[in-house]
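**Q** Sequence and predicted structure below; questions after.
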Amino acid sequence: MSHSLGIAASPEESLSPHETVVQAGQPWFHVDWGELWDYRDLIYLLVRRDFVSKYKQTVLGPVWFILQPLLMTAVFTVIFGVVANISTDGLPKTLFYFSGMVMWSYFAQNLNTATTIFTTNAYLFTKVYFPRLVVPLATALSNLFSFAIQFVTFLAFYAWFKLFTAAGAEIMIRPAALLLPLELIHLIVLSLAVSLWMSALTAKYRDFTHLMAFIAQIWLYVTPVVIPISSFPKAWRWVPAVNPMTALVEWFRYAFLGRGTVTLQSIGLSVAITVVLFVSGVAFYQRTARTFADTV
Amino acid sequence: MSRPIIEVEAISKRYRLGDLDAGSFREELHRLWARVRGKTPPRASADRDFWALRDVSFEVQAGDVLGVVGRNGAGKSTLLKVLSRITEPTSGRAVLRGRVASLLEVGTGFHQELSGRENVYLNGAILGMRRAEIDRKFDEIVAFAEVEKFIDTPVKRYSSGMHVRLAFAVAAHLEPEILLIDEVLAVGDVAFQKKCLGKMEGVSKSGRTVLFVSHNMSAVETLCPRSIFVDHGTCQGTAPSVEIIARYLQQNGAHDGTSTLAMERVQNDGTAEFLNCRIRNQAGEEGASPKTNERFTLLIGLRVHQPVRFPVFGLEIRNHIGTVMTLVNTTEQGYQFPPMEPGDYEVAIAVGPISYLPGLYRISINFENPSGHFYIKAEDAIHLEVASSPLYGTLELDSRWGCVYTPIRYEITPVRSAALAEV
């Protein structure tokens, strides 16, 4: 059992692998990564469970993965593009919104499920031990499935616009697209970090269940999904700048449409914020999970 | 002896009563504000604290099957939750040297939409099994649960019996070095319970270490050579199960054979009430223990509030592990009592001579009508201690010698060899 970053040196470090020590006041950042790895089968099975239970009784099944962002894109196109006529930096409106949605909807999906991680799994958490990080991890992984479908749908849209419309000359895929695997990890870790924070907060203060929808809404508008940074009032530009989601959305647009406001600094800042949120999120989540069974 | 496989050292667990931990944001802000102003933050006072466990220490050697006995709310489940890491202790420390699996209920994590097969895997993984391990045992699990035909049907279509059987089957095939079990045998029909008990015995003989929480004294006695007795969050270490069970039963009702009714277990519909309940031995002494082969009288003070047209009394006597020794009621015996008007009565029930061996017995008394409606249902209303006396000659017997005393005579007659040849 390794104690990465363990604050207090615990006596159990000298003991054999299958030793469990139960005691109070474990260090905040106590994650047994090896144990988490031992439970990889459970992670896989939870991902499967999520998937099966979510779509088993719907008529359209996984088609919803495509429909959801499409409907959102349609709504944005009409409201922000046509009615409010907000600039899309010269990109075709549909592609502009859809490209924003690909990254955003993964993040939002994790945010949505975050508030219910403890409550919907209370029946597990109070009855059996397993590393509690398994649950948010499985959620983040199962949401990847819809991300993949949306990404492919986006590529299909891209191809259609590129080949059959006049705007085709305006858009291009840049070499930055090769960063996709890295940026995907960035997105997963950030989404996980925020959902760890939110789930722990909700477990402690139920008020956050009600706040969550509101937080997600605000967060959407300060991320350049519908409003490009260039349309933000100058005095308010710092808001999307410190928002770690901004760099991800802008990078995606830059890489897959050829136009976006992204720099190495903005990505670096986002990564730094992500790491801080993640480390603190894991600590907070673990601490909450250790005594959660007492409060439900 | 080598190092114990489970070492529990002064484990305590405190719960805050009230809503402090489930607290809302406002309270936290309130406390933060108080701290900012340099005042002591308002805290839960000590009397809102509840110690579910206090300085519990004991050791378990590898291969032991240890019973955990105690009343409801004594802290048994909390102890198991702490040891299985579902919740953290407030202080103290425990070391478990081996792979631990805990079973606080059966079927944890069963998902209604998934098929039996998928649930076996999911449930197994939740309990800590690897997929390869489940693969290996899958057929055995399904056969044990007797659900072969329905294994690919979603469990929401299962009957509750099938559900429970499948859930237990998964749990029964866990192979940890240390198994923590809470009361899971209280599931399924009688036949399946027997099967589970058999499986449990197999587990306990396979050299695994088991901690077994149960109210079923008979199961504790069969499965666990030693036990601990948890009482108001404390525990005095391990002792032979027979002793622990006696202590548990003693606590669970009046032992002195006089009058205390374990009132918490008396159900009453308001028609009448039991005022007291005494035992008188055949010498006429109240509170004295009868011996095997003697008679005793059960005296019940009864206050009737509303007229009872057809009074019926029922009597049930169980031994220390819950086996019914005697079960009878006045209707079956052909009694027809006159209607009872409101007022006080004394009911004398003459019992015996009893054939029970020395030991502790529990008597339940019912006051009911002929159609089985209970006016009063007093479970374990009084304890009967049968005192030891020389039986079968000079032997002082106890429960190890069986349940009842039956006079037995032997006779040996020499047979002539001619007669023997004829046979």
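**A** Arrived safely, thanks for sending.
**Q** What is the burial count for the residue nearest to A:A108 when sequence neighbours are not counted?
**A** Once flanking residues are discounted, A:A108 sits nearest to A:A216: 5.9 Å by Cβ to Cβ, 6 or more residues apart in numbering or on different chains. Yep, even glycine has a C-beta here, placed from its N, CA and C like the rest. A:A216 has 17 neighbouring residues, counting by other Cβ atoms under 10 Å in any protein chain shown.
**Q** Could you tell me which residues make contact with A:A216?
**A** A:A216 sits next to A:A108, A:L111, A:N112 when contact means Cβ atoms under 8 Å, 6 or more residues apart in numbering or on different chains.
**Q** gap between the first one and A:I171?
**A** Put plainly, it is A:A108. Going from A:A108 to A:I171 by Cβ to Cβ, to the nearest Å gives 25 Å.
**Q** what are the phi and psi values for the residue nearest to B:K81 when sequence neighbours are not counted?
**A** Excluding its sequence neighbours, the residue lying closest to B:K81 (Cβ to Cβ, 6+ apart) is B:T87, at 5.1 Å. With angles defined as degrees, to the nearest 10, B:T87 sits at phi -140, psi 160.
**Q** So B:T87 is in contact with B:K13, correct?
**A** Yes - between B:T87 and B:K13 there is a contact under Cβ atoms under 8 Å: 7.5 Å.
**Q** Please enumerate the shared neighbours of these two.
**A** B:T78.
**Q** The residue in the stretch 301-423 of chain B that chain A sits nearest to: neighbour count?
**A** Residue of the stretch 301-423 of chain B nearest chain A, by Cβ to the nearest Cβ: B:G322 (26.8 Å). Per other Cβ under 10 Å, the neighbour tally for B:G322 reads 14.
**Q** Make sure it is indeed in a helix.
**A** No - checked against DSSP: H, G, I helix; E, B strand; the rest coil, B:G322 lies outside a helix; its state is coil.
**Q** what sits against it?
**A** B:G322 neighbours (Cβ under 8 Å, 6+ apart): B:N216, B:M217, B:S218.
**Q** Ok, B:A101 next?
**A** Residues near B:A101 by Cβ under 8 Å, 6+ apart: B:L127, B:G128, B:L174, B:P176, B:I178, B:L179, B:L180.
**Q** tally of neighbours for the residue nearest to B:K81?
**A** B:T87 has 23 nearby residues by other Cβ under 10 Å.
**Q** For A:V275, see how far away B:R14 is.
**A** B:R14 is 36 Å from A:V275, by Cβ to Cβ.
**Q** can you check B:Y158 too?
**A** Distance from B:Y158 to A:V275, by Cβ to Cβ: 47 Å.
**Q** The two: which is more packed in?
**A** B:Y158 (20 against 15).
**Q** so where does the residue nearest to the spatial centre of chain A fall, helix or strand?
**A** When Cα atoms, centre = their mean is applied to chain A, the residue found nearest the centroid is A:S191 (2.6 Å). Per DSSP states H and E, A:S191 falls inside helix A:180-204.
**Q** helices or strands next to that helix in the packing?
**A** helix A:93-114, helix A:117-120, helix A:134-164, helix A:207-221, helix A:244-257, helix A:264-295 (3 or more Cβ pairs under 8 Å, 6 or more residues apart in numbering or on different chains; DSSP states H and E).
**Q** let's see it at 10 Å
**A** In this structure, helix A:180-204 makes packing contacts with helix A:93-114, helix A:117-120, helix A:134-164, helix A:207-221, helix A:244-257, helix A:264-295, helix B:25-36, judged by 3 or more Cβ pairs under 10 Å, 6 or more residues apart in numbering or on different chains; DSSP states H and E.
**Q** Any idea which of these gets closest to B:Y361?
**A** Checking these against B:Y361 by Cβ to Cβ gives helix A:264-295 as the closest, at 39.1 Å.
**Q** buried stuff in that closest one?
**A** A:266-267, A:269-271, A:273-274, A:277-278, A:281-290, A:292-295 (16 or more other Cβ atoms under 10 Å in any protein chain shown).
**Q** so it versus helix A:180-204, what angle?
**A** On the basis of axes from the mean of the first three to the mean of the last three Cα atoms, to 10 degrees, helix A:264-295 is oriented at 30 degrees to helix A:180-204.
**Q** pretty sure A:A177 is in a strand, no?
**A** No - counting by three-state DSSP, A:A177 is not found in a strand; it is helix.
**Q** Could you verify my assumption that the residue nearest to B:K81 touches A:T291?
**A** Yes - if you go by Cβ atoms under 10 Å, B:T87 and A:T291 touch, sitting 6.0 Å apart.
**Q** what about the strands in the stretch 51-200 of chain B?
**A** Using DSSP state E, counting those that start in this stretch, the strands of the stretch 51-200 of chain B run over B:65-69, B:91-97, B:100-103, B:178-182.
**Q** just the CA coordinates of the shortest one, formatted as CSV?
**A** Listed next in CSV are the C-alpha coordinates belonging to strand B:100-103 (Å, rounded to 0.1, in the frame of the first residue of the first chain):
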residue,chain,number,x,y,z
VAL,B,100,-11.4,-8.3,3.7
ALA,B,101,-14.9,-8.7,2.4
SER,B,102,-17.9,-7.5,4.2
LEU,B,103,-21.5,-8.5,3.8
